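>>> Sharing a sequence plus its predicted fold:
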Amino acid sequence: MSTEVPKSTYRLQITPEFTLRDAVQVLDHRQRLGADAVYLSPILEAAAGSQHGYDVVDPTRVDAARGGPEALRELADAAHPRGLRVVADIVPNHLGVAVPHENPWWWDVLRNGQGSEHARAFDIDWAFGGGRLRIPILGDGDGELDALRVEGGELRYYEHRLPIAPGTEGGAPRDVHDRQHYELISWRRADAELNYRRFFAVNTLAGVRVEDEAVFEATHGEIGRWLRDGLVDALRVDHPDGLRNPGDYLERLAALAGDAPIWVEKILEGDERMPGWPVAGTTGYDALGVVDRVFVDPAGEEPLTALAEELDDREESRDWAALVHRRKRAVADGILRSEVVRVVRELRADGMTGGTDDEVADAVAELAAWFPVYRSYLPFGAGYLAEALDAALRSRPDLGALLRETAERCSGAVAARFQQTTGAIMAKGVEDNAFYRSSRLVSLTEVGGDPALFAIGPEDFHRLQEDRLARLPHSLTTLSTHDTKRGEDTRARVAVLSELPERWERFVRAVRERVPLGDGSLENLLWQSIVGAWPASRERLRDYALKAAREAGASTSWTDPDEGFEARMLAAVDAAFDDERVRAEVAAMSAIVDAPGAVNGLGAKLVQLTMPGVPDVYQGSERWERSLVDPDNRRPVEFDAAAALLARIDDGWQPEIDSSGAAKLLVTSRALRLRRDRPELFTGYQPLRAEGAAAGHVLAFDRGGAITVATRLPVGLDAAGGWRDTTIDLGGTLTDVLTGREHSGVVRLADLLAVYPVALPAVAS
């Protein structure tokens with residue numbers, strides 16, 4: 001197979017229930033859909049029962065539970081003759097250690113300590129633990145070690161199994177424990193006292209030192225075999241910001257991959273630029289944020305903000321920057337304290353003598369809390385550290401000297417550790433916390449987007465696409481992933497609320513009067529999410545509500561759940577099904593957003609599939625994708641239903657816009673096929689501007705022979721009387737691949753969009 005960049009990708013979640021062999025069975029649908037590559041979630045051996053695969057326990061082999069190496073060969077042998085390339089998601093930053101005996105490297109480190117041949121693989125500060133690795137699995141209380149027992153040549157603590165070092169077996173269990181290379185500690189001590197780097201704040205994912213050449217070779221030997229043997233044609237790299245030196249890692253990976261394209265899960269903030277890495281681009285969150293906002297009505301910003309402020313007892317709704325700083329600072333002082341104090345230890349080792357350790361930790365946390373992006377890659381991005389220092393000096397002048405010295409040292413010998421830490425603090429403070437406390441329009445709180453930016457107009461959208469074509473022409477574009485907080489069509493429906501702020505306010509007041517929670521911000525977030533995902537099962541919505549509330553950490557939390565509040569919250573969710581008035585309110589609001597939400601969804605999908613970049617389609621999103629946060633967005637997909645609908649469309653059926661999602665399947669398949677079969681039509685970017693009374697409701701661009709036309713702000717369009725005299729100049733004679741209708745020159749939007757709210761006219765072959 002050619003190693004050129006695919007024209008599109010289709011993401012499949014490979015699980016023990018949907019294995020690589022199951023993936024083979026759906027390749028025909030992928031091919032008919034128009035995808036150019038099948039993009040696999042992680043397939044190295046993961047923890048038993050893992051549904052996502054990011055908790056790899058053995059990087060040297062394909063997971064047998066996901067089909068094993070033979071199934072990967074079968075998939076490649078089936079995909080390539082169909083013209084489909086294979087993209088594999090890899091996880092270089094960490095390994096899963098939840099069940100020690102499942103991870104042979106971790107088991108050996110626990111057994112043999114610093115003398116283990118695998119000790120160098122993990123990012124462990126042995127000196128901080130007195131030569132012992134701290135394992136945070138004990139419950140609360142001083143007597144937890146009394147529950148230890150020696151059994152089967154192992155140390156046991158309830159269901160946990162741990163190895164015993166040679167020559168240390170005799171005596172009482174507590175005495176045996178005290179002679180081990182590890183120390184069992186309370187899970188509550190993990191936030192401040194761990195001595196191994198984690199993935200974010202996940203104790204069961206231990207950081208790996210791929211900066212060590214031997215570790216890189218050991219963790220990437222199997223991946224290299226896939227590439228050499230032609231099993232995999234491209235790579236997607238998970239979370240490179242967690243690595244000590246992402247640039248060096250990607251240079252080494254590129255050498256291993258040869259000409260195979262590499263994409264990185266790099267989240268770009270605002271105008272941030274990616275370093276000059278040897279990669280095809282990002283995985284597309286930056287595109288997602290832009291596409292979403294061009295379908296949001298800026299007129300809704302003030303009324304929705306005012307409502308959110310009224311509902312928000314914590315007054316967090318308007319000043320996003322201040323909220324971000326507070327929440328990042330909270331996680332730096334809380335669940336990521338272990339990572340902050342490790343930076344302090346490196347500062348001391350570098351010769352820093354000023355202040356107490358707590359004062360230096362205060363300075364590190366303040367700098368990280370003001371850091372404007374996930375991380376820098378010094379010397380690239382040095383301005384971000386300077387920006388953070390200026391902000392920190394303004395907010396904490398009492399730390400002036402310490403802040404200056406900390407910043408200076410964090411741009412030198414301690415730079416790598418500090419940069420690894422700022423990314424984790426951003427992810428946990430913003431994505432997994434502040435996003436759940438900002439509720440004026442929850443479609444804005446998505447990875448890759450800045451909730452402070454409410455909407456963008458077509459002109460800004462065009463400028464950004466011209467820049468994308470110039471800088472990142474092969475970067476992925478996406479609307480839904482395994483990590484999105486809400487699926488693309490959930491967000492498309494929520495975006496309608498920006499056109500209906502007064503109606504939304506009436507709805508919120510009505511349901512709050514019926515089932516109040518005492519946390520107005522969370523209520524606003526929950527009800528928007530429920531209406532966006534409706535119809536949804538009770539179980540899905542209850543699971544989402546619990547996760548959202550605990551991530552917000554205001555009225556309840558993961559570590560100290562408030563059972564009374566959670567019971568009231570779940571009762572409120574149940575009211576959407578059981579309370580006649582609440583059920584009627586939800587049904588009415590859902591009906592109001594249904595049609596315009598579909599217009600937004602079709603428009604966003606067509607724009608994403610045809611804009612500059614390589615479109616990625618998440619599994620099932622060729623039809624309506626109304627998921628919520630994981631694990632909801634990883635639930636099984638009805639591939640057979642989609643295949644049956646596509647067969648009908650290919651037989652000439654012109655689907656209506658209804659609950660089946662067939663209209664979206666039509667848009668997706670026709671756009672993907674056009675990109676695959678006629679790539680010459682997608683080589684440029686020219687904004688197209690409509691003329692007439694409704695010109696502001698059109699987003700249109702010419703990619704070089706294929707023209708995208710999408711309706712935006714459909715509620716306002718209908719209220720103003722529709723398209724009326726609005727026209728657009730297509731330039732010549734083109735055929736809309738969605739309807740087969742021919743159009744020439746200047747056309748009325750009412751004619752071009754008579755069947756669907758989107759069109760894809762293209763030059764005939």
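On my side now, so go ahead.
>>> C-alpha from now on. contacts and neighbour counts both.
Fine.
>>> OK, contacts around the most centrally placed residue in the chain?
For the chain, the residue nearest the mean C-alpha position is Asp483 (3.5 Å; C-alpha atoms, centre = their mean). By C-alpha atoms under 8 Å, 6 or more residues apart in numbering, the residues touching Asp483 are Val629, Asp630, Asn633.
>>> any idea which of these is closest to Ala719?
Val629 (33.3 Å; C-alpha to C-alpha).
>>> Who are the contact partners of Thr421?
Contacts of Thr421 (C-alpha under 8 Å, 6+ apart): Gly242, Glu339, Val340, Ala368.
>>> tell me the SS of it?
helix (DSSP: H, G, I helix; E, B strand; the rest coil).
>>> ok, Glu466 touching Tyr685?
Yes - judged on C-alpha atoms under 8 Å, Glu466 makes contact with Tyr685 at a distance of 6.4 Å.
>>> The two: who's more crowded?
Tyr685 (22 against 18; other C-alpha atoms under 10 Å).
>>> Next one, pLDDT for that one please.
Looking at Tyr685, its pLDDT reads 98.
>>> circling back: so which of the contacts of Asp483 is surrounded by the most neighbours?
Ranked by neighbours (other C-alpha under 10 Å), those are led by Asn633, which has 23 neighbours.
>>> follow-up on the earlier one: from the contacts of Thr421, which ones fall inside helices?
Glu339, Val340, Ala368 (DSSP state H).
>>> First residue to last residue on stretch 348-358, what's the distance there?
12 Å (C-alpha to C-alpha, to the nearest Å).
>>> Out of the ones in helices among the contacts of Thr421, which comes closest to Pro166?
Once C-alpha to C-alpha is applied, the member of the ones in helices among the contacts of Thr421 that ends up nearest Pro166 is Glu339, at 31.6 Å.
>>> State the distance from the closest residue to the closest one other than its chain neighbours to Phe371.
Counting by C-alpha to C-alpha, 6 or more residues apart in numbering, Glu339 lies nearest to Thr421, which is 6.4 Å off, once chain neighbours are set aside. Thr421 sits 11 Å away from Phe371, going by C-alpha to C-alpha.
>>> ok, now Arg244?
The value you get for Arg244 to Phe371, if C-alpha to C-alpha is used, is 18 Å.
>>> before we move on, what about Ala98?
Distance from Ala98 to Phe371, by C-alpha to C-alpha: 31 Å.
>>> what's the spacing between stretch 268-275 and its chain's center?
Mean-position distance between stretch 268-275 and its chain equals 16 Å (C-alpha atoms, centre = their mean, to the nearest Å).
>>> List the contacts of the nearest residue to Val215 once chain neighbours are set aside.
Nearest non-adjacent residue to Val215, counting by C-alpha to C-alpha, 6+ apart: Ala121, 5.6 Å away. Contacts for Ala121 (C-alpha under 8 Å, 6+ apart) come out as Val208, Arg209, Val210, Asp212, Val215.
>>> which of those residues sit farthest apart?
Between any two of the contacts of Ala121 (C-alpha to C-alpha), the greatest distance is 9.3 Å, for Val208 and Asp212.
>>> In terms of neighbours, single out the busier of these two.
Val208 (27 against 13).
>>> these two touch, right, the more buried one and Ile124?
No - under the criterion of C-alpha under 8 Å, Val208 makes no contact with Ile124, lying 9.1 Å away.
>>> The stretch 1-150 of the chain: helices as residue ranges?
20-25, 27-33, 68-79, 104-112 (DSSP state H, counting those that start in this stretch).
>>> Report all helices and strands that the longest one contacts.
Of the remaining helices and strands, those touching helix 68-79 by 3 or more C-alpha pairs under 8 Å, 6 or more residues apart in numbering; DSSP states H and E are helix 20-25, strand 56-62, strand 85-90.
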